[in-house]
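Trainee: sequence unknown, structure follows:
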């Protein structure tokens, strides 16, 4: 008879592998199923292809938009304003949140304002930002920043508030300057908080850029969708939606890679007690 | 109160909780300003001047995102010593004091005793003549505690530091110290100053010797009285 302990471990591993393989197969199968079902149901007119288009029609329209239209330029434009806005918003927000460590009064004073500003639907500011920054690239970036900066600041502020005071004391007892304490304890401690806000923020940045393009723009996927809607080219609207989905997926994956890099060596983060 | 700690000695402070031992340490470490009084190191005031003594707090306080080696060289890093130089200095001590092979581990991968060891080594490598240890073994189980006490004695005799040690554990205080200060309940005053005449190097077995028992009885008597006062103070609040 084999050792029961070892066989249990093997079973666990095998089961885990099976689950993973099974999930991967179903994941792809579901995707293919949706596309196939969509194609078949619209072909059979069970759902109206005028409103819901069809995968084939979307691919064809996309091909035309890419070869004869400005699809690539639009993708580049929207991606660029999203990424630039995201980076400025997240960096600015993180710095803002981290800066509260330097003065407790300043932190306490700014907290209600941050929370309030966070609750405002920032998209309502879009017309003002467009007037302020013009209909070009800058206004799209500004919107993306407006949407991302406060969540990032609040996340960093949360991290700063939770810093283990004893770790600060330790550094001070080693003769560290305030800046050293900030750089060696506060920033790494708050990092998991900041990083956890990145995933939400990349989506918000994309939404900001798109809304900016909806309101006034000469380029971008948002402008393309708006234009297609106005001329009743519903296929092209769907191309826009699909392109945005892919864009969101790519950016999300990229952010997860960045996350892993930023949290390297912090497998358990600072939430882990320093006992 | 007034304490004078001779060079190279291991001196323990013992007393009921809340009598201000940790506060005293914060003052000596330069982190707190005393309302009155002064702290002199070699005749020079070090009030509100952190960095003159090495201070180890109750928790091991290793930075969780740093490997053991990066934690141990933290003090040198703060002073601006190059990483290569401080690792070269730390490495032999790491090997010698039983942390070899754990340099690249993260604190959460180590046992409580090992973490405390790393923390103590970091404190020792801070390279100050005076070391303050605030209940460093308080959170450890009895077995590990005994190991760590012997380990501390070895480190201490190798490196020749002056150590101030806070503990609640009478056995620990007697076993480790040259002198013991007994603190009274709040307001904390020095109630007794006892010299430990036990010869060195000491063996763990010493805790069963007659002279050890006599010292223990004396200290127990002093502490029991203070602990009762402290308890009464607490229940009156």
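Mentor: Structure's in. What do you need? Values in this document were obtained by computation on a predicted structure and should not be read as measured data. Numbering: from 1, shown residues only, chains lettered A, B, ... in the order given.

Trainee: rest of the way, CA atoms for contacts and neighbours
Mentor: Fine.

Trainee: lowest-confidence helix or strand of chain B?
Mentor: strand B:44-45 (a mean of 82; mean pLDDT, DSSP states H and E).

Trainee: just checking, what packs against that one?
Mentor: Packed against strand B:44-45, as judged by 3 or more Cα pairs under 8 Å, 6 or more residues apart in numbering or on different chains; DSSP states H and E, are no other helices or strands.

Trainee: for chain A, which helix is longest?
Mentor: Across chain A, the longest stretch assigned as helix under DSSP state H is helix A:4-43.

Trainee: Which of the residues in that helix are classified as buried?
Mentor: Judged by neighbour count (16 or more other Cα atoms under 10 Å in any protein chain shown), helix A:4-43 contains these buried residues: A:38-39, A:42.

Trainee: Run through the helices of the chain in chain order.
Mentor: All of this is about chain A. Under DSSP H, chain A gives helices at A:4-43, A:49-52, A:55-67, A:71-99, A:104-119, A:126-133, A:137-161, A:165-173, A:178-181, A:187-215, A:221-230, A:234-262.

Trainee: Please refer instead to chain B.
Mentor: B:21-28, B:68-72, B:74-79, B:83-96, B:112-125, B:142-159, B:170-176, B:210-236.

Trainee: Of all the ones you listed, which one is nearest residue B:15?
Mentor: Residue B:15 lies closest to helix B:210-236 among those, at 6.5 Å (Cα to Cα).

Trainee: List the buried residues in that closest one.
Mentor: Quick answer for helix B:210-236 (16+ other Cα under 10 Å): B:212, B:215-216, B:219, B:222-223, B:226-227, B:230.

Trainee: Next: stretch B:159-174.
Mentor: B:161-168, B:170, B:172-174.

Trainee: Is that stretch positioned near chain A?
Mentor: No: figure legend: stretch B:159-174 not in contact with chain A (Cα under 8 Å from any Cα of the partner chain); closest approach 15.3 Å.

Trainee: what sits up against that stretch?
Mentor: The contact list for stretch B:159-174 (Cα atoms under 8 Å, 6 or more residues apart in numbering or on different chains) reads B:6-16, B:21-22, B:128-135, B:138, B:149, B:156, B:180, B:196, B:207, B:212, B:215-216, B:219-220.

Trainee: Just the buried ones from these, in ChimeraX syntax?
Mentor: In ChimeraX, a selection of the buried entries from the contacts of stretch B:159-174 looks like this (16+ other Cα under 10 Å):
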select /B:8,9,10,11,12,13,14,15,16,21,22,129,130,131,132,133,134,135,149,156,180,196,207,212,215,216,219
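
Trainee: now the helices of chain B as TSV including mean pLDDT and distance to residue A:258?
Mentor: Shown next, in TSV, are these (pLDDT from 0 to 100; distance: least, Cα to Cα, whole Å):
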stretch	mean pLDDT	distance to residue A:258
helix B:21-28	86	40
helix B:68-72	92	23
helix B:74-79	88	27
helix B:83-96	88	26
helix B:112-125	88	30
helix B:142-159	88	41
helix B:170-176	92	49
helix B:210-236	86	52
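
Trainee: Let me see the domain layout of chain A.
Mentor: Using automatic domain parsing, the domain ranges for chain A come out as A:4-47, A:53-262.

Trainee: Nearest to chain B, out of those?
Mentor: Proximity to chain B (Cα to the nearest Cα) singles out domain A:53-262 among these, at 4.1 Å.

Trainee: Show me what from chain B comes close to chain A.
Mentor: B:29-31, B:50-57, B:59-66, B:75, B:78-79, B:106, B:108, B:126.

Trainee: hmm, try it at 6 Å
Mentor: Contacts of chain B with chain A, taken as Cα under 6 Å from any Cα of the partner chain, map to B:50-51, B:59-62, B:65, B:75, B:78.

Trainee: Among those, list the two that are farthest apart in space.
Mentor: Spatial extent of those (Cα to Cα) is set by the pair B:50 and B:65 at 24.7 Å.

Trainee: Any of the residues of chain B next to chain A buried? List them.
Mentor: Neighbour-count burial (16+ other Cα under 10 Å) applied to those gives B:50-51, B:59-62, B:65, B:75, B:78.

Trainee: now the buried residues of helix A:4-43 in a markdown table, with distance to residue B:43 and pLDDT?
Mentor: Formatted as a markdown table, the buried residues of helix A:4-43 follow (distance: Cα to Cα, whole Å; pLDDT from 0 to 100):
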| residue | distance to residue B:43 | pLDDT |
| --- | --- | --- |
| A:38 | 86 | 94 |
| A:39 | 89 | 94 |
| A:42 | 92 | 92 |
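
Trainee: And residue B:14, how close does it get to chain A?
Mentor: As judged by Cα to the nearest Cα, to the nearest Å, residue B:14 and chain A stand 22 Å apart.

Trainee: typo on my end, it should be residue B:180
Mentor: 24 Å.

Trainee: I figured that residue hits residue B:10, correct?
Mentor: No: using Cα atoms under 6 Å, residue B:180 is not in contact with residue B:10; the gap is 8.9 Å.

Trainee: what residues are up against the residue most central in space within chain B?
Mentor: For chain B, the residue nearest the mean C-alpha position is residue B:133 (1.9 Å; Cα atoms, centre = their mean). For residue B:133, the contact set (Cα atoms under 6 Å, 6 or more residues apart in numbering or on different chains) comprises B:56, B:165.

Trainee: which non-adjacent residue is nearest the residue of chain B found nearest chain A?
Mentor: Proximity of chain B to chain A (Cα to the nearest Cα) peaks at residue B:51, 4.1 Å away. The shortest distance from residue B:51 to any non-neighbouring residue, by Cα to Cα, 6 or more residues apart in numbering or on different chains, is to residue A:175 (4.1 Å).

Trainee: Tell me how far that neighbour lies from residue B:52.
Mentor: 8 Å (Cα to Cα, to the nearest Å).

Trainee: Could you do residue B:153 as well?
Mentor: Per Cα to Cα, residue B:153 is found 22 Å from residue B:52.

Trainee: which one of the two has more residues nearby?
Mentor: Using other Cα atoms under 10 Å in any protein chain shown as the criterion, residue B:153 and residue B:52 rank with residue B:52 on top: 21 against 18.
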